[in-house]
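1. What shape does this take:
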Amino acid sequence: MIALGLAAIAWLAGLAGCAVGPNFKTPAPPVATDYGGASVPRETAAAPGPDGNAQRFVAGMDIPGDWWTLFQSPKLSALVEQALQANPNGAAAAAALRQANELYLAQRASYLPAVQGSFSANRAENAVSTLANPTNLPQSSAYYNLYTAQLSVSYLPDVFGATRRSVEAAKAQAESNRFQLEATYLTLSSNVVASAVQEASLRDQIVATERLLELQRQVTQSVRGQRSLGTASELDLLTQQSAEAQTAATLPPLQKQLGQTRDALTALLGQLPSGEPDATFHLADLTLPSDLPVSVPAKLVTQRPDVRQAEENLHAASAEVGVALANMLPQFEITADTGSAALQLGKLFSPYTGFWDLGASLTQTLFDAGALLHKRRAADAALDQAAAQYRAAVILACQNVADTLRALQADADALRATTEADRAAGVSLELARHQRELGTISVVAVLVAEQSYQQAELALVQARASRYADTAALYQALGGGWWNRKSGS
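-> Down below sits the predicted model:
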């Protein structure tokens, strides 16, 4: 019998060394070495003038945790730091991470026995005419007191690994929340930078549009004067008035966008609209980074917080399959109680008042109308879902990088073209002014040439802003350097 007991103990110990369900393995990284049609050139095109420097793509270059400082704007850096500290979405994500960590620690406590202490005091009346005295004392009264102090211990041996899989799932969920926090910080910082670039672009566009509108008004006044002299027709005046009205109509939408952009930026800082920041932005306040990092897809999946979060969700789903399988197998429990019971409080723990018991149980569900089976199948389906979501996250991450690489190359080409157009318009304006000084053309011709120049300036502002916006988008697409982020920021 002793040998049989030892064999049973050894068998249980052997079972405790394994856990049912799949053992999670990190998904294989993408085998692609580039981004297809968006294969990275050594550098973009260059253009003369502000923000026309070529941007070099550096393979494997690390990304700083505070990548927004590369734009060399103290005002921008201050706003990003404020957003990371004060935005309620960041605070909510941080609280969710704390909750997940606490739940993981609570689940990990399942490895240890549960110990409970109790004390009870009861006063009872015995049915003296029909029942014997339960106290085994002389029947002097039908009433008696009973005091009991007890310590109970229960332990669920992790024979099939249900506890280990539950702890594994809780830890994976905590890691998922950690990457959700990093994704929130990345989104916040990127949105602040994008809002600042949008504001700078809109302010410069408004300046160019206001100058263009002023020129249109001057042309209108000139044509009106010519009409009174009979050198211009009514049709000429109406055509010019229509052009002026069309230019004026473009100004309110720009002003509306600027106001809404400022509201969005204020909200990112965790403030109500009345708390709008004092800092304002123009493109001249920013510096375009010259060296840009590029990571191969296999590296990218380790950098993107959303991909890492999807991986941890896959890990948790894998562990839940093990939990569902273990719940279908026999459940073991060991219990023990010890304590003291006495009719008088002062006699607790005195000789002959102690008691104890030790027991073990095995429970197996024999019929539950298929509930456990369906729960296991549901866990399998959840695992398939998490795997598909992980693949989708990887595809999206690579798509984001490919899109920004294409955009950066196109932005540089567009800036070069708009810079050439702006240069040509500027030369044309200078020529028109010189001809006006010689008296060979009218004032209207000069104003028209200046209108063309201001329109070219407007296009140039938009082209410059696109380079900044897509540069920030590249840092976001590559993961934002969260692994280099200072703790607490």
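
2. Past the helix or strand containing Asn400, which element shows up next along the chain?
-> Element membership for Asn400, per DSSP states H and E: helix 371-438. From helix 371-438 onward toward the C-terminus, using DSSP H and E, the following helix or strand is helix 443-477.

3. Which positions within that following helix qualify as buried?
-> 444, 446-461, 463-477 (16 or more other Cβ atoms under 10 Å). All C-beta spots, glycine's among them, are computed from the backbone N, C-alpha and C.

4. Need the per-residue pLDDT for Pro134.
-> We have a pLDDT of 65 for Pro134.

5. Which residue, other than its chain neighbours, is closest to Leu447?
-> Val219 (4.4 Å; Cβ to Cβ, 6 or more residues apart in numbering).

6. So which elements touch the strand or helix carrying that neighbour?
-> For Val219, the host element (DSSP H and E) is helix 162-229. Here helix 162-229 touches helix 74-86, helix 88-108, helix 234-249, helix 251-268, helix 305-326, helix 443-477, going by 3 or more Cβ pairs under 8 Å, 6 or more residues apart in numbering; DSSP states H and E.

7. Quick check: the gap between Asn126 and Asn145.
-> To Asn145, Asn126 is 12 Å away according to Cβ to Cβ, to the nearest Å.

8. Comparing those two, which residue is more hemmed in?
-> Here Asn126 and Asn145 are set side by side on neighbour count (other Cβ atoms under 10 Å), and the busier one is Asn126, at 16 against 13.

9. Could you check the pLDDT of the nearest residue to Ser466 once chain neighbours are set aside?
-> Nearest non-adjacent residue to Ser466, counting by Cβ to Cβ, 6+ apart: Asp411, 4.6 Å away. Asp411 is assigned a pLDDT of 95 by the prediction.

10. so where's the protein uncertain?
-> In the predicted model, the chain carries pLDDT under 70 at residues 1-17, 37-40, 128-140, 487-489.

11. residues touching Pro48, list them.
-> If you count contacts by Cβ atoms under 8 Å, 6 or more residues apart in numbering, Pro48 has them with Thr419, Arg423.

12. Kindly list the main-chain dihedrals of it?
-> Here is the backbone geometry of Pro48 (degrees, to the nearest 10): phi -70, psi 160.

13. try Leu286
-> According to degrees, to the nearest 10, Leu286 has phi -110, psi 150.

14. Surely it is in contact with Tyr468?
-> Yes - using Cβ atoms under 8 Å, Leu286 makes contact with Tyr468 at a distance of 5.9 Å.

15. Report the beta-bridge partners for the residue nearest to Phe349 when sequence neighbours are not counted.
-> Nearest non-adjacent residue to Phe349, counting by Cβ to Cβ, 6+ apart: Ser340, 4.7 Å away. With DSSP bridges as the criterion, Ser340 is bridged to Ala149, Gly354.

16. tally of neighbours for Ser340?
-> Residues lying near Ser340 (other Cβ under 10 Å) number 17.

17. I'd like to know how far it sits from Leu146.
-> From Ser340 to Leu146 the distance is 11 Å (Cβ to Cβ).

18. Could you pull up the residues touching the spatially most central residue of the chain?
-> Centroid check for the chain by Cα atoms, centre = their mean gives Ala183 as the closest residue, at 2.4 Å. For Ala183, the contact set (Cβ under 8 Å, 6+ apart) comprises Pro305, Asp306, Gln309.

19. which one of the residues you listed is nearest Ser120?
-> Using Cβ to Cβ, Gln309 comes nearest to Ser120 of the contacts of Ala183, at 49.2 Å.

20. Verify the contact between that closest one and Ala172 for me.
-> No - if you go by Cβ under 8 Å, Gln309 and Ala172 don't touch, sitting 10.3 Å apart.

21. sorry, back to before: Ala100 versus the residue nearest to Phe349, what's the distance?
-> Counting by Cβ to Cβ, the gap from Ser340 to Ala100 is 42 Å.

22. re the thing from before, format the contacts of Ala183 as JSON lines; extra columns: neighbour count.
-> Shown next, in JSON lines, are the contacts of Ala183 (neighbours: other Cβ atoms under 10 Å):
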{"residue": "Pro305", "neighbour count": "22"}
{"residue": "Asp306", "neighbour count": "19"}
{"residue": "Gln309", "neighbour count": "22"}
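
23. And the residues you listed, which is closest to Cys398?
-> Using Cβ to Cβ, the contacts of Ala183 come closest to Cys398 at Asp306, 12.2 Å.

24. Make sure Ala174 is actually in contact with Asn101.
-> Yes - taking contacts as Cβ under 8 Å, Ala174 lies within contact range of Asn101: 5.1 Å.

25. Compare neighbour counts for these two and give me the winner.
-> Neighbours were counted for Ala174 and for Asn101 using other Cβ under 10 Å; Ala174 has more, 22 against 17.

26. wait, what's in contact with the closest residue to the more buried one other than its chain neighbours?
-> Excluding its sequence neighbours, the residue lying closest to Ala174 (Cβ to Cβ, 6+ apart) is Ala100, at 4.1 Å. Each residue near Ala100 by Cβ under 8 Å, 6+ apart is listed here: Ala170, Gln173, Ala174, Ser176, Asn177, Arg178.

27. do the same with Asn53
-> By Cβ under 8 Å, 6+ apart, Asn53 lies in contact with Ala46, Leu288, Ser290.

28. what's the angle between the helix holding Val219 and helix 234-249?
-> 150 degrees (axes from the mean of the first three to the mean of the last three Cα atoms, to 10 degrees).

29. So for Thr404, what's the nearest residue that isn't a sequence neighbour?
-> Excluding the flanking residues, the one nearest Thr404 by Cβ to Cβ, 6+ apart is Leu474, at 4.3 Å.

30. Can you give me the neighbour number for Pro289?
-> Neighbour count for Pro289, taken as other Cβ under 10 Å: 20.
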